[in-house]
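Q: Build me a model from this:
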Amino acid sequence: MKIRLIAVGNKMPSWVEKGVAEYQKRLPSDFSLSITEVPLANRSKNSPITAAMEKEAKALLEACGKNDYVVALDDEGQCLSTPALAHQFNKVRDNGQNISLLVGGPDGLTKECLQSVDARWSLSALTFPHPIVRVVLVEQIYRVWSILNNHPYHRT
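A: Predicted structure coming up:
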């Protein structure tokens, strides 16, 4: 299974890049994680925020694999426990699909983008800065792998 984390924004702080790289290297090749960064669209006083969001959403969706199971990370999405998240990943893998996880920009994802995905998941009822979302998400992906493979990293 290939996992694509597709996120708006680049130039992450070094601590984010190090944290993400640490969990990426722990994952085996049959559960690989790649990260695609979509540039933050220009925002100005003279253009509506919706135009920037639409540009970002288009780029996010274009970066998904053709037959991927596409998930938007959204604060109004389904909040899953880690074991439930592992179950979802396992279902996608059993269907022979890869997964694309979309993280929007500072203004979120457009309604059209949210309606076009296969699922909407929430990491928490809390609001996190986007750099922290990346680290939390990749750690959870590693934890999902550990659950699916009975690795001792995840202890209940």
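Q: and Glu76, helix, strand or coil?
A: Each residue gets one of three states, and Glu76 gets strand by DSSP: H, G, I helix; E, B strand; the rest coil.
Q: got the buried residues for the lengthiest helix in the chain?
A: Secondary structure of the chain per DSSP state H: the longest helix is helix 130-148. By neighbour count with 16 or more other Cβ atoms under 10 Å, helix 130-148 contains the buried residues 130-131, 133-135, 137-148. Using the backbone N, CA and C atoms, a C-beta is placed for each residue, glycine as well.
Q: and for that helix, what are the contacting residues?
A: The contact list for helix 130-148, computed with Cβ atoms under 8 Å, 6 or more residues apart in numbering, reads 3, 5, 7-9, 12-13, 16, 19-20, 23-24, 26-28, 31, 33, 35, 73, 82-83, 85-86, 89-90, 101, 103, 105-106, 123, 128, 151-154.
Q: cool, stretch 87-98 as well?
A: Contact partners of stretch 87-98, identified using Cβ under 8 Å, 6+ apart, comprise 1-4, 65, 67-69, 80, 99, 119, 121, 141, 144, 148.
Q: can you pull the buried residues of that stretch?
A: Buried residues in stretch 87-98, counted by 16+ other Cβ under 10 Å: Gln88, Phe89, Val92, Arg93, Gln97, Asn98.
Q: Could you tell me which residues make contact with Asp107?
A: Ile49, Ala52, Met53.
Q: May I see those residues arranged in JSON lines, with pLDDT, secondary structure and distance to Leu114 as well?
A: Below are these laid out as JSON lines (pLDDT from 0 to 100; DSSP: H, G, I helix; E, B strand; the rest coil; distance: Cβ to Cβ, whole Å):
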{"residue": "Ile49", "pLDDT": "91", "secondary structure": "helix", "distance to Leu114": "16"}
{"residue": "Ala52", "pLDDT": "93", "secondary structure": "helix", "distance to Leu114": "16"}
{"residue": "Met53", "pLDDT": "94", "secondary structure": "helix", "distance to Leu114": "11"}
